[in-house]
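>>> The sequence and its predicted three-dimensional model are supplied below.
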Amino acid sequence: MCGIVGYIGNKRAVKILFNGLKRLEYRGYDSSGIAVINDKLERFRSVGKINELLQKVNKIKILGNIGIAHTRWATHGKPSNENSHPHFDCANNFAVVHNGIIENYQELKNELLTENHKFTSETDTEVVAHLLEKYYKETTNFFEAAKLTFKRLIGSFALCIISKYEPNKIICCREGSPLVLGLGKSENFVASDILALLPYTRNMIFLDEKEIAVISADKIEVFDFNGVKHTKAITEINWDAILAEKKEYKHYMLKEIFEQPDVIFETIDNKLDEENYNIIFNHLNLTNDYFKSINKVYIVACGTAWHAGLIGKYYLEEFCNMYVEAAIASEFRYRNVPISKNDLIIVISQSGETADSLAALRKAKKLGAKSLAVCNVRGSTLTREADGVIYTNAGPEIGVASTKAFTTQVTVMYLLSLYIAKIKNTISDDKYKNYIDELLLIPNKIREILEDYNSLKDLSLTFHNFKNFLYLGRHFNYPIALEGALKLKEISYIHAEGYASGEMKHGPIALITEEMPVVIIAVKSFISEKVISNLQEVKARDGITIVITNEDVDIPDDLIDYKIILPDTIEPLSPLLSVIPLQVLAYQIADFLGCDVDQPRNLAKSVTVE
Ligand code: M6R
């Protein structure tokens, strides 16, 4: 989705803005732009990659110590120079960048057109620049004009504005779309994502809903939309900027796949007192009595995070004997779900900014449910709005295709389920300890799988020109079939479907021919026999089978065309191993096809609009 960076201080703004934009590239975008003030307000915009904008800008040495920049992911109007941000008013006195959607823009535009404002783009954002122009004429004050403008807007927006009238400040506001302010020495920053600011400062202020910030080089002031001043806490971010670098890896996604053993270990280590087998969640804010009284659990998320939620559902049912639904957030938010105060909503999200997931959280809270966030980004909206938080310790995930965020989410759901099971007394002590011991072995087992990275290349090469794939899995590994298919389609653009193996004969079996590779997860399980029957059904129709299994699962050789052997583990932990070769397969195929792995077409890392 769109990205925002703003800078004011004693350095050349352009350089800092470009660095910031580069660090936001991973979010997905189709055009970019920048505006700075020296004597005049200057603007440069370009369709395509940031480097194209950089080439334009590099031709002229642009001075100026204040500026704003933007990467745009088109919503209103196709990617073009005219539609790229920043947007200007008629007289080029205001420059505006915007993330989100202004829902009442057409109504505002009609009003402004009757007042003779001239529009140059198809965007919703441009109305903001013209409203500022209108209200500045009435108030001759940038802050007053901004307040009046923000009050007219309906929708979700993070806005950042500079003006030639008062070139010593940036004004920004947040409603429904995140903004973070960075504090420096004689310089300050603003961005839609902390990653853009990490090279410059660790001290951040998170804007809350309906807050306005006035940023100058030596101070930051925050107000509500009526101009009442707010006192804000400064948060120190611990993420090391180095963690977000690509190092020797060809792509961030590859680096993140290889980081999984470490970040899973970190996620466990952070929450486990190994000596006493105690699981400790520092920000849970939910009592043991509450856990004993829960009626129903809703796990709500989108995309890959929803797949982690589905595995969480199996864990909670299996270990805690609870009634659990794993729902897609975009559906949940509009359903008439009977929620009560004895229900718990668990929202899983890497970014903590996904619009649908936040809407689901707000809905459930309004209906009285308690809430828990499983999230990777400290300070994100989700972590601030949920009653309790369990952090995944994945570190910054830059690749659009989620990998290490997923496996750490599954790890957290496993730990949470064991934690609740202990409270509810639904698990024996021996089993509980054994389940923890087995979890501690997982990072090394993933390392073992990744040692075979190069040998998986032959398989990827064999299959990279196929047009369709089917992924099948059962029970704990049904969500892995969905995840494997999602990984392949999002980065290689190959059509792939994930199914519960048992569903195959209810429809997808019609697709099976000698041109259909079928990836089947057939790990050691109490229902291995059933999966072997599914394999038989595929082979009987000449399908090509790629089987992910364990050494001692007895599958007749003639049912297997290609085999990937995983280390043994207990069945509930098998998804943490079976997903690894599927991530690698998707990555290698996409790389063979020459796809832009880290920034696949049409996709955004953090989906902050509905
Ligand atoms: O930030 P979130 O975890 O809330 O994001 C949810 C999905 O948008 C995300 O998992 C998406 O499906 C990824 N591209 C999958 O790789």
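Happy to help now that I have it.

>>> Direction included, what does the helix or strand containing Ile521 pair against?
Taking DSSP states H and E as the criterion, Ile521 maps to strand 517-522. According to DSSP bridges, strand 517-522 forms sheet pairs with strand 468-473 (parallel), strand 544-550 (parallel).

>>> Quick one: list the elements packing against the helix or strand following it.
Heading C-terminal from strand 517-522, the first helix or strand you meet, by DSSP H and E, is helix 528-539. The helices and strands touching helix 528-539, judged by 3 or more Cβ pairs under 8 Å, 6 or more residues apart in numbering; DSSP states H and E, are strand 517-522, strand 544-550. For glycine as for every other residue, the C-beta is placed from the backbone atoms N, C-alpha and C.

>>> hmm, 10 Å instead?
strand 468-473, strand 517-522, strand 544-550 (3 or more Cβ pairs under 10 Å, 6 or more residues apart in numbering; DSSP states H and E).

>>> What would stretch 542-559 look like as PDB? C-alpha coordinates only.
In PDB, the C-alpha atoms belonging to stretch 542-559 read as follows (Å, rounded to 0.1, in the frame of the first residue of the first chain):
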ATOM      1  CA  ASP A 542      -2.300 -39.600 -14.000                       C
ATOM      2  CA  GLY A 543      -1.700 -36.700 -11.800                       C
ATOM      3  CA  ILE A 544       1.900 -35.900 -10.900                       C
ATOM      4  CA  THR A 545       2.600 -36.200  -7.200                       C
ATOM      5  CA  ILE A 546       5.100 -34.300  -5.100                       C
ATOM      6  CA  VAL A 547       4.900 -35.800  -1.600                       C
ATOM      7  CA  ILE A 548       6.000 -34.100   1.600                       C
ATOM      8  CA  THR A 549       6.400 -36.900   4.100                       C
ATOM      9  CA  ASN A 550       8.500 -38.500   6.900                       C
ATOM     10  CA  GLU A 551      10.900 -41.400   6.500                       C
ATOM     11  CA  ASP A 552       8.700 -44.000   8.200                       C
ATOM     12  CA  VAL A 553       5.400 -43.200   6.500                       C
ATOM     13  CA  ASP A 554       4.700 -46.300   4.500                       C
ATOM     14  CA  ILE A 555       3.600 -45.000   1.000                       C
ATOM     15  CA  PRO A 556       3.900 -47.300  -2.000                       C
ATOM     16  CA  ASP A 557       6.600 -46.100  -4.300                       C
ATOM     17  CA  ASP A 558       4.300 -46.000  -7.400                       C
ATOM     18  CA  LEU A 559       2.200 -43.300  -5.700                       C
END
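
>>> Surely Tyr419 touches Lys271?
Yes. Using Cβ atoms under 10 Å, Tyr419 makes contact with Lys271 at a distance of 8.7 Å.

>>> shared neighbours, these two?
278-281, 390 (Cβ atoms under 10 Å, 6 or more residues apart in numbering).

>>> can you redo those as TSV with neighbour count, secondary structure and distance to Asn434?
Compiled in TSV, the shared contacts of Tyr419 and Lys271 are given as follows (neighbours: other Cβ atoms under 10 Å; DSSP: H, G, I helix; E, B strand; the rest coil; distance: Cβ to Cβ, whole Å):
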residue	neighbour count	secondary structure	distance to Asn434
Asn278	12	strand	16
Ile279	18	strand	15
Ile280	12	coil	20
Phe281	18	coil	21
Ile390	25	strand	22
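
>>> The ligand is nearest to which of the helices and strands packed on helix 528-539?
strand 468-473 (14.5 Å; Cβ to the nearest ligand atom).

>>> Partner strands of the helix or strand encompassing His70, with direction?
Taking DSSP H and E as the definition, one finds His70 inside strand 66-72. If you go by DSSP bridges, strand 66-72 pairs up with strand 3-8 (antiparallel), strand 31-37 (antiparallel).

>>> Would you mind putting the CA coordinates of stretch 564-580 into CSV?
The C-alpha trace of stretch 564-580 is given here as CSV (Å, rounded to 0.1, in the frame of the first residue of the first chain):
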residue,chain,number,x,y,z
ILE,A,564,10.6,-34.5,0.1
ILE,A,565,11.5,-36.1,3.4
LEU,A,566,11.0,-34.0,6.6
PRO,A,567,12.6,-34.7,10.0
ASP,A,568,10.2,-36.4,12.5
THR,A,569,8.2,-34.4,15.0
ILE,A,570,4.9,-34.7,16.9
GLU,A,571,1.9,-34.2,14.6
PRO,A,572,0.8,-30.8,15.9
LEU,A,573,4.2,-29.3,15.1
SER,A,574,4.4,-30.8,11.7
PRO,A,575,3.1,-27.6,10.0
LEU,A,576,6.2,-25.7,11.1
LEU,A,577,8.3,-28.2,9.1
SER,A,578,6.0,-29.0,6.2
VAL,A,579,5.6,-25.3,5.3
ILE,A,580,9.4,-24.8,4.8
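
>>> With the ligand in mind, check whether that stretch reaches it.
No. Against the ligand, stretch 564-580 shows no contacts by Cβ under 6 Å from any ligand atom, the least distance being 11.6 Å.

>>> distance between stretch 271-281 and the chain's centre?
28 Å (Cα atoms, centre = their mean, to the nearest Å).

>>> Now the stretch 251-400 of the chain against the ligand: closest residue?
Gly303 (1.9 Å).

>>> looking at this protein, which helix or strand is least sure?
helix 50-58 (a mean of 82; mean pLDDT, DSSP states H and E).

>>> got the angle between that one and strand 31-37?
Angle of helix 50-58 versus strand 31-37, following axes from the mean of the first three to the mean of the last three Cα atoms, to 10 degrees, is 30 degrees.

>>> Please enumerate residues in contact with helix 50-58?
With Cβ under 10 Å, 6+ apart as the criterion, helix 50-58 contacts 14-15, 17-18, 21-22, 24-25, 29, 31-34, 36, 42, 44-47, 49, 69, 71, 84.

>>> what do you get for stretch 104-112?
Residues contacting stretch 104-112 (Cβ under 10 Å, 6+ apart): 76, 89-90, 102, 117-119, 123-131, 133-134, 149, 152-155.

>>> Is the residue of the stretch 251-400 of the chain closest to the ligand in contact with Gln409, as I believe?
No. Counting by Cβ under 10 Å, Gln409 is not a contact partner of Gly303; they are 11.3 Å apart.

>>> picking that back up, now the strand holding Ile521: average pLDDT?
Regarding strand 517-522, the rounded mean pLDDT is 95.

>>> what distance separates that strand from the middle of the whole chain?
Using Cα atoms, centre = their mean, the offset of strand 517-522 from its chain centre is 27 Å.

>>> Only the buried residues of that strand, if you could.
517-522 (16 or more other Cβ atoms under 10 Å).

>>> could you dump these to CSV with distance to Leu286?
Listed next are those as CSV, based on distance: Cβ to Cβ, whole Å:
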residue, distance to Leu286
Pro517, 44
Val518, 42
Val519, 38
Ile520, 39
Ile521, 33
Ala522, 38
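
>>> Pick out whichever of those sits closest to Gly543.
Val518 (4.8 Å; Cβ to Cβ).

>>> Which pLDDT value belongs to Ile240?
Careful, residue 240 is Asp; it's not Ile. pLDDT, read off for Asp240, is 60.

>>> can I get the helices and strands packed on helix 528-539 in JSON lines with distance to the ligand?
Formatted as JSON lines, those follow (distance: least, Cβ to the nearest ligand atom, whole Å):
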{"stretch": "strand 468-473", "distance to the ligand": "15"}
{"stretch": "strand 517-522", "distance to the ligand": "17"}
{"stretch": "strand 544-550", "distance to the ligand": "19"}
